[in-house]
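**Q** Sequence plus the predicted model coming up.
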Amino acid sequence: MRRVAAALLALTVGCVLADSAVVTLALPEILVRLHTTVGQVAWVLIAFNLVLAVIVRPAAWFYKKHDAAVLCAVGIAVFAGASALCAVAGSLDVLIIARSVQAVGGAFAVIGSLQLLVEELTERRGTAWWIAAGVFGTAIGPMAGGLLTDAFSWRSIFVVQVPIAVLAVPAALATRRRSGHSRAEAAVDTEKHRVRIRPNIALALLSAALSAALFLFVLLLVDGWRRSPAVAAVTVSVIPLAALLARPLDRTLRSGPLAQTMSGCLLIAGGLTGLALLPSAALAWTIAPQALVGLGLGLTLDPLTLQAMDGRLPHFLHGGWTIAARHAGVVLGLAILTPVFTADLRSAQPPAENAITALVLNAPLEPQDKIAIARGLADRLKQDSGRVPDLHPAFAQLHVSAVEQPAAAQLERDLDRQLERAATHAFRNAFLIGAALALAALLALIPLRRRGGV
Amino acid sequence: MSTVTRLRAAALPALSVVLVSGVLAVQLANGGGHFVPLRPANSCVIRSADSVATGIDGLTEELVVTGLNAAACQLGVSREAFALQLTQPGPRTDAQINALRAGLLIAVDTLKADGKLPKASKLAREVIDLSNLSGFRKAALRAVPDALIDKTLTTDDVLRHTINDLDLRALLGNLGNRHDLNAQVNAAVMKAVLESLGNDLHCC
């Protein structure tokens, strides 16, 4: 029974932390369905991460005063209710508000789950379960969101979270019946350790860099390269798969925690640089850079969280700091990178238009067909201003002779390739900034002085 | 710290450096960093355009595309940028119109130099067929022998005459209307042919 309760609590932690990026692949669909803009839809992500980062530390304070099981159950219930509201949201405003409430409930659920897992299992195992669930949720979130969006709709992402959370509520309360409700007092009585700054800063910077990897890369795949959410989800599955290799690699080499985390930062920076320097829009070229990012993620998030929490009391307080650091990092990453890539996307428009014009002028088509295509393309560019345009409707409404159809199809392919080039180029600076953030995390980990030195 | 411990500590960072360097080297060797949109060609490098269309439609397209290039060169922009400027709604500036006219005249010379201009008789016959002249006048003009037309007219002269007489502002306004565009071009060419023929036959 303890294991079932622990598994449900860990699953809830995974759900809450997956929510940080789970809607990434659904953003293009939300953008269309809720009639909004790229800048506004980014708030579906930002709001959740911002509220979670801000609330999680005060939430930990509540755990000093109140019963952990009850607070955790209430947090999970609020999370479940807000998830249901997200699923039925009819406007972007409602969705953003529901996401914010979801983050408030999630903050209490995550902190409480840590405390309850430690109580249910042992300190070491409970912390390990909690960290693993968080890393798993973070890594798997975008892929799961993409598959659900493609199979059903963006709303299904939130629907599936409701039953998990609903089952976790009695699981949390059951722990109270087993061990009483004196945890809060016990926690207050325990020794308080100071917060470990360095791993928390590194976690924040790495989360900012990883938000670049996940958020920007899926946006590039879905919006820039016009891949379906399912294809994008399968593509980004390279990241969690590569993350799984981190543990055996570390066990084989046994380089130590500092070397492990610094190597992870370097791999993430290298992977993001690789995404900035893609030679084409073929998905195969994204595998190696993603594998570097995934391996880096596996080598850093788990040990850094452990470094920040290991032997630190009370658990919920230090666990809260790691969650705050990670989600503040995501917000930082989105705040820095969103304006960069939207500005770059805008400035990529004139070169893309020039390339499109050149191809249309040189196309082996009748002059009147070129004029018809040019008018259709102009309409698409105007309609999709600020985004990578979908040129297909301009060709779908074109009536060309059978002789000219192969040339028209070739022109459409050539134009799509130019858009892929423009979009890939537009994301370059944002990926490079992400790489710089990962290198900054590496710098934060370099010891300033040797312990016990003169 | 023992040598083995030091080596162990260095193994993972060293492997990371090798992996990152390897991936980036392969990407750069395959064009990573150069995956950017097609850059517009230098508009001041004169090149004649090709068209899949035949007759007056093809000739018009070749003239326009080649002329756009020359006009863009005069304005110091790319052919593509100038074409996009011309498709924007709103009035055209005198500089744009003058550059376009000069560009089209240069295009006539370029196509002539490349041997792409049809014989005047071929051009005249097509224009006569497409014109809205009366049947009697069409029959009279068709009766003029090709040899006489080619002796009295040159295609480049007809085209220059046409370009100088064309109302380019109205032409650009008709870009969205194929029928009006063709009618305007055909009428201008017809007028140039008739005036040139009239002048030459009258004078000889």
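**A** Good, I have the coordinates.
**Q** By residue count, tell me the biggest helix in chain A.
**A** helix A:405-445 (DSSP state H).
**Q** Any residue of that helix touching chain B?
**A** Yes: residues of helix A:405-445 are located near chain B by Cβ under 8 Å from any Cβ of the partner chain, namely A:Ala407, A:Gln418, A:Arg421, A:Ala422, A:Thr424, A:His425. For glycine as for every other residue, the C-beta is placed from the backbone atoms N, C-alpha and C.
**Q** Tell me where chain A is predicted with low confidence.
**A** A:1, A:177-191, A:212, A:385-387, A:449-454 (pLDDT under 70).
**Q** Spell out for me which residue occupies the centre of it.
**A** Closest residue to the average C-alpha location of chain A: A:Ala21 at 3.0 Å, with Cα atoms, centre = their mean.
**Q** Quickly note the distance from that one to chain B.
**A** A:Ala21 sits at a distance of 23 Å from chain B (criterion: Cβ to the nearest Cβ, to the nearest Å).
**Q** That residue against A:Pro142, yeah?
**A** Yes: applying Cβ atoms under 8 Å, one finds A:Ala21 in contact with A:Pro142, separated by 5.1 Å.
**Q** tell me the domain ranges of the chain?
**A** Since you didn't name a chain, this refers to chain A. Domain ranges of chain A: A:1-189, A:349-426, per automatic domain parsing.
**Q** Actually, chain B is the one I wanted.
**A** If you go by automatic domain parsing, chain B breaks into B:41-117, B:118-204.
**Q** Please pull out the lowest mean pLDDT helix or strand from chain B.
**A** Ranked by mean pLDDT, DSSP states H and E, the weakest helix or strand in chain B is helix B:178-203, scoring a mean of 74.
**Q** Please identify the buried residues of that helix?
**A** B:181-182, B:184-194, B:196-197 (16 or more other Cβ atoms under 10 Å in any protein chain shown).
**Q** list the helices and strands it packs on?
**A** helix B:55-75, helix B:120-130, helix B:146-152, helix B:155-165, helix B:168-173 (3 or more Cβ pairs under 8 Å, 6 or more residues apart in numbering or on different chains; DSSP states H and E).
**Q** any idea which of those is most buried?
**A** Comparing these on average neighbours per residue, with mean count of other Cβ atoms under 10 Å in any protein chain shown, the densest one is helix B:55-75 at a mean of 22.
**Q** list the helices and strands that helix packs on?
**A** Packing partners of helix B:55-75 (3+ Cβ pairs under 8 Å, 6+ apart): helix A:367-383, helix B:79-87, helix B:94-113, helix B:120-130, helix B:178-203.
**Q** who's in contact with the helix or strand that the first one is followed by?
**A** So the one you mean is helix A:367-383. Remark: after helix A:367-383, the chain's next helix or strand is helix A:392-396, criterion DSSP states H and E. Residues from elsewhere that reach helix A:392-396, judged by Cβ atoms under 8 Å, 6 or more residues apart in numbering or on different chains: A:Ile373, A:Gly376, A:Leu377, A:Asp379, A:Arg380, A:Ala408, A:Ala409, A:Leu411, A:Glu412.
**Q** Please repeat the previous calculation with a cut-off of 7 Å.
**A** For helix A:392-396, the surrounding residues in contact (Cβ atoms under 7 Å, 6 or more residues apart in numbering or on different chains) are A:Ile373, A:Gly376, A:Leu377, A:Asp379, A:Arg380, A:Ala408, A:Glu412.
**Q** Same check on stretch A:197-214?
**A** So stretch A:197-214 is contacted by A:21, A:24, A:142, A:261, A:265, A:268, A:271-272, A:293, A:297, A:300, A:304-305, A:307-308, A:321-322, A:325-326, A:328-330, A:332-334, A:337, A:430-431, A:433-434, A:437-438, A:440-441, A:444-445 (Cβ under 7 Å, 6+ apart).
**Q** What of stretch B:63-83?
**A** Contacts with stretch B:63-83, where a contact means Cβ under 7 Å, 6+ apart, come from A:354, A:357-358, A:361, B:40, B:43-44, B:46-49, B:95, B:99-100, B:102-104, B:106-108, B:110-111.
**Q** helices and strands around the host helix or strand of A:Ile111, which ones?
**A** Taking DSSP H and E as the criterion, A:Ile111 maps to helix A:92-120. Where contact means 3 or more Cβ pairs under 7 Å, 6 or more residues apart in numbering or on different chains; DSSP states H and E, helix A:92-120 is packed against helix A:2-18, helix A:38-65, helix A:68-88, helix A:123-151, helix A:161-179, helix A:315-347.
**Q** Which of those helices sits closest to chain B?
**A** Closest to chain B of those, according to Cβ to the nearest Cβ: helix A:315-347, at 11.7 Å.
**Q** can the closest one be found next to chain B?
**A** No: Helix A:315-347 is not in contact with chain B by Cβ under 7 Å from any Cβ of the partner chain; minimum separation 11.7 Å.
**Q** Next SSE downstream of that helix?
**A** Next along from helix A:315-347, by DSSP H and E: helix A:349-362.
**Q** distance between that following helix and the chain's centre?
**A** Centroid displacement of helix A:349-362 relative to its chain, using Cα atoms, centre = their mean, to the nearest Å, is 34 Å.
**Q** elements contacting that helix?
**A** Contacts defined by 3+ Cβ pairs under 7 Å, 6+ apart place helix A:349-362 against helix A:367-383, helix A:405-445, helix B:79-87.
**Q** Out of these, which gets nearest to B:Ala140?
**A** B:Ala140 sits nearest to helix A:367-383 of all those, at 30.9 Å, using Cβ to Cβ.
**Q** got the angle for that closest one vs helix A:405-445?
**A** Here helix A:367-383 points in a direction 30 degrees away from that of helix A:405-445 (axes from the mean of the first three to the mean of the last three Cα atoms, to 10 degrees).
**Q** Pull out the buried positions in helix A:367-383.
**A** Quick answer for helix A:367-383 (16+ other Cβ under 10 Å): A:367-374, A:376-378, A:380-381.
**Q** elements contacting whichever strand or helix holds A:Leu249?
**A** Under the criterion of DSSP H and E, A:Leu249 resides in helix A:246-253. Counting contacts by 3+ Cβ pairs under 7 Å, 6+ apart, helix A:246-253 packs against helix A:284-309, helix B:3-29.
**Q** Just want the angle from the helix or strand following that helix to helix A:405-445.
**A** Moving toward the C-terminus from helix A:246-253, the next helix or strand (DSSP H and E) is helix A:257-276. Here helix A:257-276 points in a direction 160 degrees away from that of helix A:405-445 (the same axes, to 10 degrees).
**Q** middle-most residue in chain B, spatially?
**A** B:Val65 (0.1 Å).
**Q** follow-up on the earlier one: dump the domains of chain B into a markdown table; add distance to A:Ser280 as well.
**A** Below are the domains of chain B laid out as a markdown table (distance: least, Cβ to Cβ, whole Å):
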| stretch | distance to A:Ser280 |
| --- | --- |
| domain B:41-117 | 22 |
| domain B:118-204 | 35 |
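**Q** ok, of those domains, where does mean pLDDT dip lowest?
**A** Lowest mean pLDDT within the domains of chain B: domain B:118-204, a mean of 80.
**Q** Off-centre distance for that domain?
**A** With Cα atoms, centre = their mean, you get 21 Å for domain B:118-204.
**Q** Then stretch B:109-126?
**A** Worked out by Cα atoms, centre = their mean, stretch B:109-126 lies 16 Å from the chain centre.
**Q** Contacts for it, please.
**A** Identification of contacts with stretch B:109-126 by Cβ under 7 Å, 6+ apart yields B:46, B:48, B:55-56, B:59, B:62-63, B:66, B:146, B:149-150, B:153-156, B:158, B:193.
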